[in-house]
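In: need coordinates for the below:
(chains A and B)
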Number of protein chains: 2
Amino acid sequence: MTDSPLTPRLSDALTVTSQQVNAELDRLLPVSDSPDARVHEAMRYSSLDGGKRLRPFLVMQSASLFNVAEAAALRVACAIEMVHCYSLVHDDLPCMDDDDLRRGRPTCHKKFDEATALLAGDALLTKAFEVLANPATHADPLVRCELVADLAHASGGQGMVGGQMIDLQAHTLDLDVAGITRLQQLKTGRLFSFSCEAGAVMGKAHGELRLALRNYAHDLGLAFQIADDILDVEGDAAEVGKAVQKDADAGKATFVSLLGLERARAQADMLAEQACRHLDPFGDKADLMRDVARYVVQRRS
Amino acid sequence: MTDSPLTPRLSDALTVTSQQVNAELDRLLPVSDSPDARVHEAMRYSSLDGGKRLRPFLVMQSASLFNVAEAAALRVACAIEMVHCYSLVHDDLPCMDDDDLRRGRPTCHKKFDEATALLAGDALLTKAFEVLANPATHADPLVRCELVADLAHASGGQGMVGGQMIDLQAHTLDLDVAGITRLQQLKTGRLFSFSCEAGAVMGKAHGELRLALRNYAHDLGLAFQIADDILDVEGDAAEVGKAVQKDADAGKATFVSLLGLERARAQADMLAEQACRHLDPFGDKADLMRDVARYVVQRRS
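Out: Predicted coordinates for the structure are as follows:
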């Protein structure tokens, strides 16, 4: 293991995407001077300048594999980030995880209030679909419809929200590794899959190449979640930027509680390598996506 | 005024649409036998068998003006109803209006819990876009994209959610009639407009006919809201099916507090008649929509 889990080329590329995403979100989520300004401020607070932008990065990288125009891919990247940010805002609410800290800053309902956070989350989710349906996202309306349907499926009751529902009951469900895997595939895996397949959808690629991205996303998402469970046990709140040890305190089964720390770490490493191999058909054009897979299991926040 | 504000033909037609919408929502929102079942139950609880289905009815009627296939229109009708129901579920939460009663039954968070209600609302909103983007909604993907974009715009931060944000601050804003009108156009008017214009979008009608529906929806939505304010003052909780006198108790300006009861009633009646006249280009094919306009200002619940 090197000192930094980020290769210099991945670090540089992530920075470029973050800057692009911030600039585009700033444009897509304008400030308002009418009495509804507060919800727009809360939307911007919850989505600008935050996080690693991993999902947008995966959209941009998968799009580049199919030579999709960068401006179009950036809109899809922002849509997925809006959905990710809405889910964090709602997840942090008192009736859910009741978190005060997110990315080292007060959570949206702490900065504003609960009602504003609820509405800001709703509006971010809604805006994501508006962005995807707009002609600027892709010239072919069939592709835009597919993006809308895929994102809705990935994030709704049969995807992310379904996973959150199971997670809320996890302390009563006595989940085994298969159950936790299913939970995580819904809760975080589906959005990773959307991000990785978005390039293929925009590039109208089907069959083997799309399947390769789906398999990559599957292993990446799981590796990401196991690493998250490890960070929850080992991490330092200041470095991670949010409360840690929450799952253990809540008595929830995690990959670490079920497998033990060493086997969990080995499993995450194995999944990361497997994810990389799924990218073989793309050759070295997919090197940054391979870097991502190795990074997510080595990160410290 | 007759004994019943419903003409027999409108009463029959509303019943037919309600039954169609219930059956289609039942199909679109299946029960689940996995651990995420609870959120699907809450989605069904909050959307099946409830309300007058006014927005779906307007979709079905406007679609019939352009001879749109009924099965396709029904999907759009269900999508708008999902968005309407999500907004009610989130509106009823303790951090918003904190209501225990909705349509004479416990609100979603009272029947389930706050987290489940939050997620059920999120999932209903998401599902609406999934339904619209699906090929079964319209053969032309450009029309499906337009429906997605229009519904997102009508319901998001620059539409319904923006209106809710203003409403939350209404007691501090000292709104005049123009301000209340603007608030209500966002909060309820935009979804009425989407419902009324959906038929024109599906029928690919632009220009005069679409504008006629937009103008009808504008006047209808405002008439509806003034009538709501009147019901809030005059209504009986048991008959209305939800708490009344809430606005007055909250010290919010309403059309009634600003105009007085008599002028508010006259204004609502005038708007209803004006709404009907906008439908002149459609001749007697639009009679049921005229009945709706007269009904909303005479209803008692």
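In: all contacts plus neighbour counts: C-alpha atoms, from now on.
Out: Will do.
In: any regions of chain A where pLDDT drops low?
Out: Using pLDDT under 70 as the threshold, the predicted model of chain A has low-confidence ranges A:1-4, A:236-250.
In: quick one: the strands in it?
Out: Chain-ordered strands for chain A, with DSSP state E as the definition, fall at A:101-102, A:105-106.
In: quick check: residues of the stretch 1-150 of chain A near chain B?
Out: Taking Cα under 8 Å from any Cα of the partner chain as the criterion, the stretch 1-150 of chain A approaches chain B at residues A:35-36, A:38-40, A:90, A:95-96, A:114-116, A:118-120, A:122-127, A:129-131, A:133-134, A:141-142, A:144-146, A:148-150.
In: picking that back up, got the strands of chain A as JSON lines, with mean neighbour count and distance to residue A:184 columns?
Out: Conversion of the strands of chain A to JSON lines gives the following (neighbours: other Cα atoms under 10 Å in any protein chain shown; distance: least, Cα to Cα, whole Å):
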{"stretch": "strand A:101-102", "mean neighbour count": "18", "distance to residue A:184": "20"}
{"stretch": "strand A:105-106", "mean neighbour count": "14", "distance to residue A:184": "25"}
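In: want to throw these into JSON lines with distance to residue B:6?
Out: As requested, the strands of chain A are arranged in JSON lines below (distance: least, Cα to Cα, whole Å):
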{"stretch": "strand A:101-102", "distance to residue B:6": "52"}
{"stretch": "strand A:105-106", "distance to residue B:6": "52"}
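In: do you know which of these lies nearest residue A:188?
Out: Evaluated over the strands of chain A, closeness to residue A:188 peaks at strand A:101-102, with 17.2 Å, by Cα to Cα.
In: what does stretch A:87-98 rub up against?
Out: Contacts of stretch A:87-98 with the rest of the structure, by Cα atoms under 8 Å, 6 or more residues apart in numbering or on different chains, involve A:46, A:99-100, A:107-109, A:114, A:117-118, A:120-121, A:168, B:114-115, B:118.
In: top of these by neighbour count?
Out: Each of the contacts of stretch A:87-98 was scored by neighbours using other Cα atoms under 10 Å in any protein chain shown; the highest score is residue A:120's, at 32 neighbours.
In: which residues touch that one?
Out: For residue A:120, the set of contacting residues under the criterion of Cα under 8 Å, 6+ apart consists of A:39-40, A:42-43, A:86, A:89, B:157.
In: out of those residues, who's nearest residue A:278?
Out: Lowest distance from residue A:278 to the contacts of residue A:120 (Cα to Cα) belongs to residue A:86, with 30.4 Å.
In: surely the closest one meets residue A:122?
Out: Yes - in terms of Cα atoms under 8 Å, residue A:86 counts as a neighbour of residue A:122; the distance is 7.0 Å.
In: among the residues of the stretch 1-150 of chain A next to chain B, name the ones in helices.
Out: Judged by DSSP state H, the subset of those located in helices is A:38-40, A:90, A:114-116, A:118-120, A:122-127, A:129-131, A:133, A:141-142, A:144-146, A:148-150.
In: please list only the buried members of these.
Out: Of the members of these, the ones counted as buried by neighbours, 16 or more other Cα atoms under 10 Å in any protein chain shown, are A:38-40, A:90, A:114-116, A:118-120, A:122-127, A:129-131, A:133, A:141-142, A:144-146, A:148-150.
In: how near is the spatially most central residue of chain A to chain B?
Out: Centre of chain A computed as the mean C-alpha position; nearest residue by Cα atoms, centre = their mean is residue A:55, 4.6 Å away. In this view, residue A:55 and chain B are 19 Å apart by Cα to the nearest Cα, to the nearest Å.
In: tell me the contacts of that residue?
Out: A:77, A:80-81, A:191-192, A:195.
In: so which of the strands of chain A gets nearest residue A:208?
Out: Comparison of these against residue A:208 by Cα to Cα identifies strand A:101-102 as nearest, at 38.5 Å.
In: near chain B, which residues of the stretch 151-300 of chain A show up?
Out: With Cα under 8 Å from any Cα as the criterion, the stretch 151-300 of chain A comes near chain B at residues A:152-153, A:155-157, A:161-166.
In: related to what we said a few turns ago, how about the contacts of residue A:55 in TSV, adding neighbour count?
Out: Supplementary listing: the contacts of residue A:55 in TSV, determined by neighbours: other Cα atoms under 10 Å in any protein chain shown:
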residue	neighbour count
A:77	29
A:80	27
A:81	27
A:191	27
A:192	28
A:195	29
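In: so which of those residues belong to helices?
Out: Taking DSSP H as the definition of helices, the contacts of residue A:55 contribute A:77, A:80-81, A:191-192, A:195.
In: so residue A:109 is in contact with residue A:116, correct?
Out: Yes - at 7.0 Å, residue A:109 counts as touching residue A:116 under the criterion of Cα under 8 Å.
In: not counting its neighbours along the chain, what's nearest residue A:261?
Out: Beyond its immediate neighbours in the sequence, the residue positioned closest to residue A:261 (Cα to Cα, 6 or more residues apart in numbering or on different chains) is residue A:230, lying 7.0 Å away.
In: circling back to that earlier point, list just the nearest of the contacts of residue A:55 to residue A:286.
Out: Ranking the contacts of residue A:55 by separation from residue A:286, with Cα to Cα as the measure, puts residue A:195 on top at 14.5 Å.
In: close enough to count as contact, the closest one and residue A:54?
Out: No - contact criterion Cα under 8 Å: residue A:195 and residue A:54 do not qualify, at 9.1 Å.
In: what about residue A:174, neighbour count?
Out: Using other Cα under 10 Å, residue A:174 has 11 other residues around it.
In: look up how far residue A:187 lies from it.
Out: Spatial separation of residue A:174 from residue A:187 under the definition Cα to Cα, to the nearest Å is 17 Å.
In: could you do residue A:141 as well?
Out: As it turns out, when the distance is counted by Cα to Cα, residue A:141 lies 29 Å from residue A:187.
In: what does residue A:292 give?
Out: 20 Å.
In: what is the burial count for residue A:254?
Out: Here the number of neighbours of residue A:254 (other Cα under 10 Å) works out to 24.
In: repeat for residue A:27
Out: Neighbour count for residue A:27, taken as other Cα under 10 Å: 10.
In: again with residue A:265
Out: Counted with other Cα under 10 Å, the neighbours of residue A:265 add up to 21.
In: then residue A:284?
Out: Other residues lying near residue A:284 total 11 when counted by other Cα under 10 Å.
In: how about the one 3 residues further on?
Out: Residue A:287 is flanked by 17 other residues according to other Cα under 10 Å.
In: next one: residue A:208
Out: 10.
In: for the one 4 residues further on, same thing?
Out: As a burial measure, the neighbour count of residue A:212 was computed by other Cα under 10 Å and equals 20.
In: contact partners for it?
Out: A:278-279, A:281.
In: how about residue A:262?
Out: Counting by Cα under 8 Å, 6+ apart, residue A:262 touches no other residue.
In: and residue A:226, by the same measure?
Out: A:255-256, A:264-265, A:268, A:297.
In: from what I can see residue A:286 touches residue A:66, true?
Out: No - proximity of residue A:286 to residue A:66 does not meet the contact threshold set by Cα under 8 Å, at 10.9 Å.
In: residue A:65 contacts residue A:284, doesn't it?
Out: No - Residue A:65 is not in contact with residue A:284 according to Cα under 8 Å; the separation is 10.2 Å.
In: buried residues in stretch A:153-169?
Out: Along stretch A:153-169, these residues count as buried under the neighbour rule (16+ other Cα under 10 Å): A:153-168.
In: looking at those residues, which are in helices?
Out: Using DSSP H, those in helices are A:153-155, A:160-168.
In: look up phi and psi at the nearest residue to residue A:165 once chain neighbours are set aside.
Out: For residue A:165, the nearest residue in space outside its immediate sequence neighbours is residue B:36; the separation is 5.5 Å by Cα to Cα, 6+ apart. Taking degrees, to the nearest 10, you get phi -90, psi 10 for the backbone angles of residue B:36.
In: ok, residue B:36 - contacts?
Out: Counting by Cα under 8 Å, 6+ apart, residue B:36 makes contact with A:157, A:162-163, A:165-166.
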